[in-house]
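Undergrad: Predicted model and sequence follow; I will ask about them next.
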Amino acid sequence: MRWIVCLFCLLPFAVANADDTAPFIIVESSPVNAATAIDPAKAIGPVRVIPRSQFENRSANLADVLSDQTGVQIRQSGGLGSYSSVSLRGSTARQVQIVVDGMLLNDPVTGGVDMGKLGLHDISRIQVYPGGAPAQFAQAGIGGVVVMETLGKDIEDTTRINAGAGSFDTYKMGLFNSGSHKDFYYWVSLDRQSSDNDFEYPNSREWFNPNDGATTKRRNAEYEQDAASTKLGWEINDTSKLDALIQYNDNDQNIPSIQNWRDNKAFLTNETLRSQLHYQNRGWINGQIHSSHRLIWTDTSERYNNTTGLVGLGTSDVYTDTDQLGLANTITWLLGNHTLSATIDIADYDYRQDDKLDSDLADERERLQIASALSHQWLSADSRWRSQASLRQYRIHDDSDEALGNGTINNVTSTELYNSWQLGLSHYFADNWEISGGLARQVRIPTLQELYGQQGLFVGNSDLKAEESLNVEASLRTDQGWGHIETTGYYRKLNPAIVATFNAQGIGRYSNLAANIYGVEIDALFRLLQWWELYGSATFQESENTDNAVKDRYRQRLPGIYHESYTLGSRWIFRPFLIDLSYHVDDELYYDSANLLEADPRTIFNLSASWTKIWSNRSESELSLEVRNITDELYQDFNRFPGPGRGWFINLAHTF
């Protein structure tokens, strides 16, 4: 391993005299609408910003890209396109909100988002808010917010093609085209990726398949995704514009079992259509008032087929359809150093699920959710002090079928009201130093599945209380010519929290408990030379179950969380070459609430290299290579699925 590291450390010197020709770039700035723009520079506390250049020519989805960020953990079942959920600072997936252009992707039925299905072909930038949510958001997750922004007019008159291939029969191809005519602009993006995910791994007969040999190959893990999206825009005048966004995804994936059974044929298909009509105006009262108005409609159809009964509990052939109709309005008033915002977000969700093997028990549910927010932001005259205060309220009306333990269902109607608040303050001092702090009382509303169960899997608990969290964070950061250092301490007190417990038959029921999570994050980057950067991060966190209802879980660490994570990387930039070598370690994870079963540490080396060529006609080509898990480390993921071994991926893109 030492020889491999030394080799890549010396590699940049071999290309030190490479061509350093920079492209000819025209930068056009456009006025910002304060009611809709999510500006990380106005955030109080840490924000991780991931530009398109870091993921546009990779065989990666949202889960792959977020896994490199400080304080972020991804839970997967292994391989490209596999089920993936995110955890920020020890949170659950339901506590983290995923947003695309103002559209909340967390549905009210399960609450989580499968990020393995979220491609990045039409995304311009990703922002991760592990603490306080942006002021314009009517909703704020207990565990933070991940914000994705789609491409806009700034990439007009471009044609781009890309193709890639890699280990485990992985393939990727895409086409992008944009253009404009006077006040109109458009872009269209097409993307396809697939993988067999048939990687080999050592077989533990005690846990995996007792019928396999010492080494086995993963079965029934194929994945295909076809995605298409378009944005049409009209700049009505200097202060207002209208655009329409349409995103379509078709995902087909087989579902492997932990035991890797040969006869397993389970599969999941998902078809999602998201559309949004967005009107913006920043010309009210001489430009003092900006407004944003979104009309949102989403339709998701899904089929889960497990007729062989080799995954999970029993056999099933379930069809699910979820429709969302929403209207989100934000008004922002600019008053010198003060910014006032008011947002109201109305969404109606209709859900229906049918198991074709038990057609008499159709499951129908509806949730009307009204979220509103008032916020105030202030910037001092010398720009050294900045503050933010937000009040939020949620009104929920449910009309749902409830799954009872005796195999029957009952109709339940309820209306609930919840409140939350958020405060933040930051100060710039000395030479580019910033200290900031945040305090918030956040709420996560129970999902329909948590409240009313799911036939054959969960029993309803209509007395379940919403999760409430007191979040505290303090951060110190400096940005200098040589790079940056950032240290953040955080504390999260959950009372009540929500957890699932299972009986001897494997039937679950959600109940309330209490827990604490606290830790420290460190993020740093050093520019040692003009062409050489070192970067690193570390997360040390503790968790504690403070509910004494079950003695063997009391005072134990929460399961499914790595309590220590480290990253160390080196990046060399010799135009037209860029080389990145990184080392990741995750440790101290428990699979069970009693902390009797601890996972082995996960240690991974990754390498990426790219070459970019600017041609005489101003077109551009980029060739990139990724080698993941160089040392072929065997590890089990959060759900005890085997992680992929060594894999390589090569991608070629050309922009006309």
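TA: Right, received. Where do you want to start? Numbering: from 1, shown residues only.

Undergrad: Residue 97 against residue 103, yeah?
TA: No - at 10.9 Å, residue 97 does not count as touching residue 103 under the criterion of Cβ atoms under 8 Å. C-beta here means a position set from N, CA and C on the backbone, and glycine is covered the same way.

Undergrad: For residue 48, the count of nearby residues, please.
TA: Neighbourhood size, residue 48 [other Cβ atoms under 10 Å]: 21.

Undergrad: Which residue comes closest to it once chain neighbours are left out?
TA: If the residues on either side of it in the chain are set aside, residue 48 comes closest to residue 128, at 3.9 Å by Cβ to Cβ, 6 or more residues apart in numbering.

Undergrad: Quick one: residues in contact with the strand or helix carrying that neighbour.
TA: Secondary structure from DSSP states H and E places residue 128 in strand 123-129. Strand 123-129 has contacts (Cβ atoms under 8 Å, 6 or more residues apart in numbering) with 38, 40, 43, 45, 47-52, 55, 62, 65-66, 69, 72, 88, 100, 120, 144-152, 154-155.

Undergrad: Show me how far it is from its chain's centre.
TA: Offset of strand 123-129 from its chain centre (Cα atoms, centre = their mean, to the nearest Å): 9 Å.

Undergrad: Could you pull out the buried residues of it?
TA: 123, 125, 126, 127, 128, 129 (16 or more other Cβ atoms under 10 Å).

Undergrad: And the contacts of the helix or strand containing residue 160?
TA: Counting by DSSP H and E, the element that carries residue 160 is strand 158-166. Strand 158-166 is contacted from outside by 57, 59, 170-178, 187, 626, 647-656, using Cβ under 8 Å, 6+ apart.

Undergrad: Please pick the buried ones from these.
TA: Buried among the contacts of strand 158-166 (16+ other Cβ under 10 Å): 57, 59, 170, 172, 174-178, 187, 626, 647, 649-651, 653-655.

Undergrad: ok, back up a step: okay, now the sheet partners of the strand holding residue 128, with direction.
TA: strand 48-51 (antiparallel), strand 145-150 (antiparallel) (DSSP bridges).

Undergrad: rewinding a little: just the buried ones out of the contacts of strand 123-129, please.
TA: 38, 43, 45, 47-48, 50, 52, 55, 62, 65-66, 69, 72, 88, 100, 120, 144-152.

Undergrad: Can you show me the strands along the stretch 51-200 of the chain?
TA: 72-76, 84-88, 97-100, 103-104, 123-129, 145-150, 158-166, 170-181, 184-195, 200-202 (DSSP state E, counting those that start in this stretch).

Undergrad: Out of the strands paired with strand 123-129, which is closest to residue 133?
TA: Closest approach to residue 133 among those (Cβ to Cβ): strand 145-150, 4.8 Å.

Undergrad: pLDDT below threshold where in the stretch 251-400 of the chain?
TA: 313, 359-361 (pLDDT under 70).

Undergrad: In it, what residue spans correspond to strands?
TA: Counting by DSSP E, counting those that start in this stretch, the strands of the stretch 251-400 of the chain are 267-284, 289-306, 316-335, 338-355, 363-379, 385-403.

Undergrad: In the third one, which residues are buried?
TA: Right, strand 316-335. 316, 318-320, 322, 324, 326, 328-334.

Undergrad: could I get that strand in CSV with only the CA atoms?
TA: These are the backbone C-alpha positions of strand 316-335, laid out as CSV (Å, rounded to 0.1, in the frame of the first residue of the first chain):
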residue,chain,number,x,y,z
SER,A,316,-46.1,-9.7,-2.1
ASP,A,317,-46.8,-8.0,-5.4
VAL,A,318,-47.5,-4.4,-4.4
TYR,A,319,-48.6,-1.5,-6.6
THR,A,320,-48.3,2.0,-5.2
ASP,A,321,-49.3,5.4,-6.6
THR,A,322,-48.7,8.8,-5.0
ASP,A,323,-49.9,12.1,-6.4
GLN,A,324,-48.8,15.5,-5.0
LEU,A,325,-50.3,18.9,-5.9
GLY,A,326,-48.7,21.9,-4.3
LEU,A,327,-48.5,25.7,-4.2
ALA,A,328,-45.5,27.5,-2.7
ASN,A,329,-45.4,31.3,-2.3
THR,A,330,-42.6,33.5,-0.9
ILE,A,331,-42.6,37.3,-0.5
THR,A,332,-39.3,39.0,0.5
TRP,A,333,-39.1,42.6,1.5
LEU,A,334,-35.6,44.3,1.3
LEU,A,335,-35.3,47.1,3.9
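
Undergrad: Partner strands of that strand and their direction?
TA: Paired strands of strand 316-335, with direction, are strand 289-306 (antiparallel), strand 338-355 (antiparallel) (DSSP bridges).

Undergrad: same thing with the fifth one?
TA: In the sheet containing strand 363-379, the strands it pairs with under DSSP bridges are strand 338-355 (antiparallel), strand 385-403 (antiparallel).

Undergrad: Turn those into JSON lines, including mean neighbour count and distance to residue 266.
TA: Shown next, in JSON lines, are the strands paired with strand 363-379 (neighbours: other Cβ atoms under 10 Å; distance: least, Cβ to Cβ, whole Å):
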{"stretch": "strand 338-355", "mean neighbour count": "18", "distance to residue 266": "14"}
{"stretch": "strand 385-403", "mean neighbour count": "19", "distance to residue 266": "22"}
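
Undergrad: Many thanks, we can stop here.
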